[in-house]
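> heads up, no residue letters with this:
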Ligand code: ADP
Ligand code: ZN
């Protein structure tokens, strides 16, 4: 066995020899939608794999890789137990501390443990094809080649901390010294220098010989954050995110497991990194909704960071300029230590924010017909400000949370609207680059399932030739800008342009270096980026997120506005922000203009309390989906009936009431040919809510037919 494939010294001895007679049985958890382990016989193996070791076992007619889970408590009644075929690891792949964490996560989210493990492992380790097993086990030995490259940023030497940074740093040091669980919420305005505090805190933790986990909300940000950390800590840093190749992800995972790296920077799933003796967890931009996984295993990585921190006696830092309502509520009620940083470093000021009321403007502008035409998305104020900024040689960032060229395509002759046949939503027109695109008119794409069809200028219903497109997305903005400012260097950052990670890194880096003048993007550009020459930020339509049908629409909008605005004026020149809106009287806009988080929190928390929404009430969403419309609807109806009956019982026990909202079709009633219904369970008592959900799940098999999928979403974020 090669040097590289040696496991950590902290792993227990390779395998236990078992000399007891009789049938040696072992429980194995498999990545299947079942809630318990399956029992197998260990015949032909002289050794018994420890918990956390991968084994190859037959399931039905095929072989699968599962994870050994220990000796069964009692011999199962089943007559025909099958045998374990192969033991794949010499020592457990999953450390015991991680196993406990995964078990807890599984139970909190009512998600099968085998599927939780599948999520926690790097890709490929549970793939049962012989070729794959051989390749992966072989690949582990020369995995050095798979190390991802890092972009280095400046400042290898720690900076002299400002007064406010010092206060946070000292609090973290005190917390680290206790070596016990200690959560801290750092609310530091954009540009207050949180990263420097994270870097120095990490150093302190590594000095204590404990490891550090830094979570960032999006792949786009790992580039920058990993860059900072690599500049300071070199090879000690590992990154984990889905933008890496499978081989790279395995390489990074095993480096952590072998304790070759004690600092991990990663996105959501890095919360499952196999780190030993975790002393510090940092959740940067803790408010970001990307921490919640939106399908299958719907965990919230920020919440799990607190749990993991508690289990490993770690200090947990939640950092944000705009903390989530729920974290801030935890902080002011004393569950977390709260520290605020009100000032930007180097006496830089927060940007000046101006609101452009598009209602009045539109009317007035109609009277000035002499004015040269401007695209509908661009106010005169923003156009002039952009022009002035470019003339000064400074940079402009324009934010719009919608991709594509046009969001709505229809035929005015017969009224036909182009919709996705699988999802019943309108298709977005992606025109593409006219110079390079082989499809002359681009494609129509469904933003839910990704279905594409060629955009033809002819209506498929009436053969009419006057097909029209409405609405605008980032692609249209960038195209218009090229016409208005022909000399500006313009780039676009959204999910369409950054399918390749390198591409995105290049755009971010070019903009940072000043090789681009205007950057247009979706929320991808809002997060944590530090662009020193950016002085003007334009928010094209604040109403998009404000009018979203979710209870947290106002919170999300406040965060987006504050975060995007926070990109401006981080260098020597002061920043300016222009927000275009059709609802200038909304309290969120007022709070954003004044950079007033506290005022926002007061208003928003009052509203939430009245309605019993989180964090003042807890939610569990039961989602049903299937291809048969009637079946999905009936199943949701039957579960709701059961839930209502059970809820009265739980209330009678004296606890707080569980409200059953629904059943109702989901606002997005059909996605990928599957009809969707949901039932929302709501209560101020989490334990009552969980009790109810447990009973429902225990009866699921009797009520939910195989053709309908029922999923549990604990602490749902997205109710669409
Ligand atoms: P935040 O994450 O709080 O929005 P950053 O960590 O990105 O802010 O810091 C903003 C800028 O301030 C960065 O360019 C950073 O290098 C700089 N900076 C941070 N701390 C200091 C310091 N103590 N002295 C000088 N510059 C600093
Ligand atoms: Zn679709």
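Great, that's in hand. The model shown is predicted, which means the values in this text are computed figures rather than measured ones. Residues are numbered from 1 along each chain as shown. Ligands and ions are numbered 1, 2, ... in the order given.

> so what's whichever residue of the stretch 301-450 of the chain sits closest to ligand 1 up against?
Closest residue of the stretch 301-450 of the chain to ligand 1, C-beta to the nearest ligand atom: residue 345 (4.1 Å). Every C-beta, even on glycine, is put in place using the N, C-alpha and C of the backbone. Under the criterion of C-beta atoms under 8 Å, 6 or more residues apart in numbering, the neighbours of residue 345 are 162, 165, 191, 192, 193.

> top of those by neighbour count?
residue 192 (26 neighbours; other C-beta atoms under 10 Å).

> grab the nearest non-local neighbour of it.
residue 341 (3.9 Å; C-beta to C-beta, 6 or more residues apart in numbering).

> could you report the neighbour count for the one you found?
Residue 341 is flanked by 23 other residues according to other C-beta under 10 Å.

> let's have the contacts of residue 345 in JSON lines, adding pLDDT.
Listed next are the contacts of residue 345 as JSON lines, based on pLDDT from 0 to 100:
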{"residue": "162", "pLDDT": "92"}
{"residue": "165", "pLDDT": "96"}
{"residue": "191", "pLDDT": "84"}
{"residue": "192", "pLDDT": "89"}
{"residue": "193", "pLDDT": "91"}
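
> quick check, nearest of those to ligand 1?
Minimum distance to ligand 1 across those is 3.1 Å, recorded for residue 193 (C-beta to the nearest ligand atom).

> number of nearby residues for residue 393?
Neighbours of residue 393 (other C-beta under 10 Å): 10.

> do the same with the one 4 residues further on
Other residues within reach of residue 397 by the criterion other C-beta under 10 Å amount to 25.

> next SSE after the helix or strand harbouring it?
Using DSSP states H and E, residue 397 maps to strand 395-399. Toward the C-terminal end, the helix or strand that comes next after strand 395-399 (DSSP H and E) is strand 408-410.

> can you list the residues of the stretch 301-450 of the chain near ligand 1?
Proximity of the stretch 301-450 of the chain to ligand 1 is confined to 345, 346 under the rule C-beta under 6 Å from any ligand atom.

> tell me where the stretch 301-450 of the chain has helices.
301-311, 325-332, 358-367, 380-391 (DSSP state H, counting those that start in this stretch).

> wait, residue 304 touches residue 273, no?
No - between residue 304 and residue 273 there is no contact, the gap being 11.8 Å when judged by C-beta atoms under 8 Å.

> may I ask you to name the longest strand in this protein?
Here the longest strand in the chain is taken by residue count, with DSSP state E as the criterion, and it is strand 658-671.

> in its sheet, what does that one sit against?
When pairs are called by DSSP bridges, strand 658-671 turns out to pair with strand 674-683 (antiparallel).

> same question for the partner strand, mean pLDDT?
The pLDDT scores in strand 674-683 average 92.

> beyond that strand, next helix or strand please.
The element immediately downstream of strand 674-683 (helix or strand, assigned by DSSP H and E) is helix 686-703.

> show me how far that next one is from its chain's centre.
Centre-to-centre, helix 686-703 and its host chain are 27 Å apart (C-alpha atoms, centre = their mean, to the nearest Å).

> ok, now stretch 618-627?
Stretch 618-627 has its C-alpha centroid displaced from the chain centroid by 20 Å (C-alpha atoms, centre = their mean).

> now do the buried residues in that stretch.
Counting neighbours by 16 or more other C-beta atoms under 10 Å, one finds that the buried residues in stretch 618-627 are 618, 619, 620, 621, 622, 623, 624, 625, 626.

> dump the residue contacts of residue 292.
Residues touching residue 292, when contacts are defined by C-beta under 8 Å, 6+ apart, comprise 298, 299, 300, 301, 715, 717, 718.

> quick check: bridge partners of it?
With beta bridges defined as DSSP bridges, residue 292 has these partners: residue 300.

> next one: it relative to ligand 1, how far apart?
22 Å (C-beta to the nearest ligand atom, to the nearest Å).

> the residue nearest to residue 359 when sequence neighbours are not counted: how many residues sit nearby?
The spatial neighbour of residue 359 that comes closest, neighbours along the chain excluded (C-beta to C-beta, 6+ apart), is residue 582 at 5.7 Å. Residue crowding around residue 582 was assessed by other C-beta under 10 Å; the count is 15.

> I figured residue 582 was touching residue 546, is that so?
No - Residue 582 lies out of contact with residue 546 (C-beta under 8 Å); the separation is 9.2 Å.

> before we move on, the earlier item: tell me the angle the longest strand of the chain makes with helix 686-703.
For the pair strand 658-671 and helix 686-703, the angle between their directions (axes from the mean of the first three to the mean of the last three C-alpha atoms, to 10 degrees) equals 50 degrees.

> identify the residues contacting strand 658-671?
Residues outside strand 658-671 that contact it (C-beta under 8 Å, 6+ apart) are 422-425, 448-449, 549, 612, 623-625, 633, 636-637, 639-640, 643-644, 647, 650-651, 675-683, 685, 688-689, 692, 719-720.

> that one vs ligand 2: in contact?
No - on the criterion C-beta under 5 Å from the ion, strand 658-671 is out of touch with ligand 2, staying 6.9 Å away.

> what is the strand holding residue 397 packed up against?
Contact here means 3 or more C-beta pairs under 8 Å, 6 or more residues apart in numbering; DSSP states H and E; on that basis strand 395-399 packs against helix 380-391, strand 518-521, strand 534-539, helix 553-565.

> by how many degrees do the longest one and strand 534-539 diverge?
Put simply, helix 553-565 runs at 160 degrees to strand 534-539, going by the same axes, to 10 degrees.

> so what secondary structure elements neighbour helix 553-565?
strand 395-399, strand 534-539, helix 543-546, strand 576-581, helix 587-593, helix 597-611.

> pull out the buried residues from that helix.
Buried positions in helix 553-565, judged by neighbour count with 16+ other C-beta under 10 Å: 554, 555, 556, 557, 558, 559, 560, 561, 562, 563, 564, 565.

> residues contacting the last one?
To tie it back to what came earlier, the one meant is residue 565. Residues touching residue 565, when contacts are defined by C-beta under 8 Å, 6+ apart, comprise 190, 351, 353, 537, 539, 575, 577, 579, 592, 595.

> chain neighbours aside, what residue packs nearest to it?
Excluding its sequence neighbours, the residue lying closest to residue 565 (C-beta to C-beta, 6+ apart) is residue 577, at 4.3 Å.

> quickly list what the one you found is bridged to.
residue 353, residue 537.

> equivalent analysis for residue 622, please.
Legend: beta-bridge partners of residue 622 under DSSP bridges are residue 679, residue 712.

> got a pLDDT number for the closest residue to residue 302 other than its chain neighbours?
By the measure of C-beta to C-beta, 6+ apart, the closest residue to residue 302 outside its immediate chain neighbours is residue 291, 4.5 Å from it. With respect to pLDDT, residue 291 scores 96.

> then residue 261?
Residue 261 is assigned a predicted lDDT (pLDDT) of 91.

> coming back round to it: is the residue nearest to residue 192 in a bridge, and if so with what?
The residues paired with residue 341 through beta bridges, assigned by DSSP bridges, are residue 188.

> quick check: it touching residue 165?
Yes - using C-beta under 8 Å, residue 341 and residue 165 qualify as a contacting pair, with a distance of 7.2 Å.

> what touches both of the two?
Shared contacts of residue 341 and residue 165, defined by C-beta under 8 Å, 6+ apart, comprise 192, 193.

> three-state assignment of the most centrally placed residue in the chain?
A centroid search over the chain (C-alpha atoms, centre = their mean) returns residue 290, at 2.3 Å, as the residue closest to the centre. What DSSP: H, G, I helix; E, B strand; the rest coil gives for residue 290 is helix.
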